[in-house]
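> build the 3D model from these lines:
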Amino acid sequence: MVTRSLVAAAPESAVSADETSISDGGSIMPPTKTNRSDGSAGSPADARAFSWLTPRRARWAAGLLLAAVTVAVYMPAMLGDFIWDDDQYVTANRNLRSLDGLGRIWSDVRSTPQYYPLVFTSYWMDYHLWGLDPAGYHVVNVLLHAGVALLLWRVLAGLQVPGAYLAAAVFALHPVHVESVAWITERKNVLSGVFYLSALLAWLRYYPLAAITPMPSRGLAHRPVFFWTASLILFALALLSKTAGCSLPVAILILTWWKQGRITWRVIASLIPFFILAVALSLVTIWLERAHVRAEGSAWALPFAGRCLVAGRAFWFYLGKLLYPSNLTFIYEKWIIDPTRWWQYLPPAAVIAALAALWLLRRRIGPGPFAAILFFAVTLAPVLGFFKVYYMQYSFVADHFQYLASMGPLALSAALLTVVLRRWSRLKAAGDAGRPPPAGYIVQGAILGILAALTLHQATIYTNIETLWRDTLRKNPSAWLAHNNLGAMLLDRGDLDGAIHHLSESLRFNPTYVLAHNNLGIALTTSKDLAGAARHYREAMRIQPDYAPAYKNMGSLLMNQGKSAEAVGYYRKALELRPDWSEVANNLAWILATSPDAAVRREDEAVRLAERAADLTGHDDPTVLDTLAAAYASTGRFDRAVAAAGEAIARASGAHNAQLAAEIRERLELFRRGRPYREPPPASSSQP
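This is a model prediction of the structure:
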């Protein structure tokens, strides 16, 4: 049967392995020899024309071609900007600025959003090479992805999988991987992928499962312990890049069973340190998702039955996107999971049935298909809904979740296509006197061309954050995160109507989204709807009592209305939640120093707060220095008030803020006359 050839050694073909330009794993490239299909030899001139193309040179040429095409299709991404979450990982990450920060990346598991120290070390190196120019970060991501594809080719070729080069090319050019490559934050995937496959290659040197190109046996390199140690170290590096790579020891067991039909105790014993590493670092990730990233609450509250429903549906979703990569988007619609609906049990039941069928058919079609799909399921397991992942508050699925797992189905599909085309070519050649038809190359080339075009288009979506959010909303109008983030962008731009529309839409799809309430409050404050703004700030505080920005913004709204006494309580709460918030400390100090109501003023506390705000801002913010001067004056320390006011004027003038400088000069004259500054009494206004 055709599919039987997917299991063991590479099958015979009209273009056999030693006749191709790549001597291991098959190729989409035409043969380098000129033997005709009827057994007649080509001309001596033909032979001489290809005599320079040895298998080794062909492999290098094919690898360079694959890397070059990968770089070309990702050119739009390399010209792109930073996007969502890249601020936490790169642009606003203070750890990247110094050697002390590099030490914290490794020693403090809470110093970064996730404990993937190798990824943040790579960002640290990027920062010190090209600062905050996004092009350098993008280039590194693309090159790492190309490296993963090349390593996949070598692994599959070593395992004698038909169509190994085709599988690697499909992996490199598949649009489902654009999210992992074009998104700087997802360097986790591509870096982990490099070490994951390198560890697997080293393992296959330690415990060969098929014919692999031999390595020179000089020094330690010929000893099995060398390759076992190298594999373990590379696996640890993969886990320190992303713990999704924890599936490697299970993958090795699957490959061993596939190629040898059994798993020996030697293999199990050799993998024990791998399992220990995988479990230990996976537990760290699970703990950080709950304790640090805060993946807790109703958004993640699903019973076990519900998680099984998510897993079954996600399995088919990911497989479908690999086979038909249409309508790819940054945030997919989040499914409504209801264990009381019988039809929602069909996807997980179908997964079990498919695996059972492949298992029962293994003697007829070989164990390869079962092994490939089992690898897919096992590698997806951490992101199938059984564990709390922060991103799953937005959607249960994401393209970047299946970066490593996709290798199984893609390799299986490439092998199946290669075998079918070889059989078809032999049948056609048997009836022709000439060469085999080039249809096989045309089919494979067409597939890769379509994938390259789709990837090129998908990469343009990631060129900037606004393009990304608008594309997301076009494909998923219920993406409340995209509505909020686009609304916040429009608010910064001054488009109040657009901002209020998208922020309101965000709350329509998620009424408990605190950030959207806060942002809509800011938009309504700007549009002078103070009552509406206060309502959204209070709702944000009700939903999440420890959300400091809502308290700060409510305090500022009251302060600007002259309701200083009411503002004080909100500012105190915001400062309690975020003690190092210089803006809140400054605002509270201003009220306590300058309020016209003596019952509100707390002059000594105002000085402490103003000094703290000045320290936090490096004595460089003219507004904070103005507050510090007013606080000193309120306690009668006019000499210090004059000095602070003079410094504030210098900073304001240096920042070309003439209006602020003029206001500070007026207060400076008061201080020189030995008088403190007091805010004028507020005009009467209605309660927001």
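> packing partners of the helix ranked longest in the chain?
For the chain, the helix that runs over the most residues, judged by DSSP state H, is helix 265-291. Applying 3 or more Cβ pairs under 8 Å, 6 or more residues apart in numbering; DSSP states H and E, one finds that helix 265-291 contacts helix 224-239, helix 248-260. For the C-beta atoms, the positions are set from N, CA and C on the backbone; glycine is no exception.
> pull up the gap between residue 151 and residue 393, please.
Applying Cβ to Cβ, to the nearest Å, the value for residue 151 to residue 393 is 34 Å.
> with residue 201 instead?
According to Cβ to Cβ, residue 201 stands 37 Å off from residue 393.
> OK, contacts around the residue sitting nearest the centre point of the chain?
The centroid of the chain falls nearest to residue 186 when counting by Cα atoms, centre = their mean (2.9 Å). Each residue near residue 186 by Cβ atoms under 8 Å, 6 or more residues apart in numbering is listed here: 141, 179-180, 400, 403.
> about what we covered before: can you redo the helices and strands packed on helix 265-291 as CSV with mean pLDDT and distance to residue 60?
Formatted as CSV, these follow (pLDDT from 0 to 100; distance: least, Cβ to Cβ, whole Å):
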stretch, mean pLDDT, distance to residue 60
helix 224-239, 94, 23
helix 248-260, 95, 26
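> do you know which of those helices lies nearest residue 314?
Closest to residue 314 of the helices and strands packed on helix 265-291 is helix 248-260 (Cβ to Cβ; 18.5 Å).
> could I get the buried residue list for the closest one?
Buried residues in helix 248-260, counted by 16 or more other Cβ atoms under 10 Å: 248-259.
> which outside residues touch it?
Counting by Cβ under 8 Å, 6+ apart, 7-8, 159, 196, 199-200, 203, 207, 209-210, 235, 238, 262-264, 267-268, 271, 274-275, 278, 367-368, 371, 374-375, 378-379 sit against helix 248-260.
> format the helices and strands packed on helix 265-291 as TSV; extra columns: distance to residue 501.
Below are those laid out as TSV (distance: least, Cβ to Cβ, whole Å):
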stretch	distance to residue 501
helix 224-239	44
helix 248-260	47
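> which one, of those helices, ends up nearest to residue 165?
Nearest to residue 165, of the helices and strands packed on helix 265-291 and by Cβ to Cβ, is helix 248-260 at 19.1 Å.
> now the angle from the closest one to helix 224-239?
Helix 248-260 and helix 224-239 are oriented at 130 degrees to each other (axes from the mean of the first three to the mean of the last three Cα atoms, to 10 degrees).
> now the angle from helix 248-260 to helix 265-291?
Going by the same axes, to 10 degrees, helix 248-260 makes 150 degrees with helix 265-291.
> and helix 248-260, how far out from the chain's middle?
Relative to its chain's centre, helix 248-260 lies at 28 Å (Cα atoms, centre = their mean, to the nearest Å).
> which of the contacts of residue 186 sits closest to residue 409?
Using Cβ to Cβ, residue 403 comes nearest to residue 409 of those, at 12.7 Å.
> next up, the contacts around the closest one.
177, 180, 186, 189-190, 193, 244.
> same check, this time on residue 462
Contacts of residue 462 (Cβ under 8 Å, 6+ apart): 76-77, 80, 83, 178-179, 182-183, 468.
> just send those back as a markdown table, with distance to residue 98, pLDDT and neighbour count too.
Output for those, formatted as a markdown table (distance: Cβ to Cβ, whole Å; pLDDT from 0 to 100; neighbours: other Cβ atoms under 10 Å):
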| residue | distance to residue 98 | pLDDT | neighbour count |
| --- | --- | --- | --- |
| 76 | 33 | 93 | 19 |
| 77 | 29 | 91 | 26 |
| 80 | 27 | 93 | 25 |
| 83 | 25 | 94 | 23 |
| 178 | 33 | 97 | 29 |
| 179 | 31 | 96 | 23 |
| 182 | 29 | 96 | 26 |
| 183 | 26 | 95 | 26 |
| 468 | 31 | 96 | 24 |
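> the residues you listed in helices, which ones?
Per DSSP H, these map to helices at 76-77, 178-179, 182, 468.
> for the residues you listed, work out which two are farthest apart.
Most distant of the ones in helices among the contacts of residue 462, by Cβ to Cβ, are 76 and 179, 13.8 Å apart.
> so how far is residue 589 from residue 605?
Counting by Cβ to Cβ, the gap from residue 605 to residue 589 is 8 Å.
> between the two, point out the one with more neighbours.
Comparing residue 605 with residue 589 by other Cβ atoms under 10 Å, the one with more neighbours is residue 589, at 29 against 14.
> can I assume that one is in contact with residue 629?
No. Assessed by Cβ atoms under 8 Å, residue 589 is found out of contact with residue 629, at 11.0 Å.
> run a quick neighbour tally on the spatially closest residue to residue 181 that is not a sequence neighbour.
Take residue 181 and drop its neighbours on the chain: the residue closest to it by Cβ to Cβ, 6 or more residues apart in numbering is residue 145, 4.6 Å away. For residue 145, the count of nearby residues is 29 (other Cβ under 10 Å).
> going forward, count from 748.
Okay, residue one is now 748; in that scheme the one you just asked about reads as residue 892.
> contact partners for residue 892?
817, 821, 919, 924, 927-928, 937, 940.
> reformat those as a markdown table; add distance to residue 1298.
Conversion of the contacts of residue 892 to a markdown table gives the following (distance: Cβ to Cβ, whole Å):
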| residue | distance to residue 1298 |
| --- | --- |
| 817 | 49 |
| 821 | 44 |
| 919 | 49 |
| 924 | 42 |
| 927 | 38 |
| 928 | 40 |
| 937 | 40 |
| 940 | 43 |
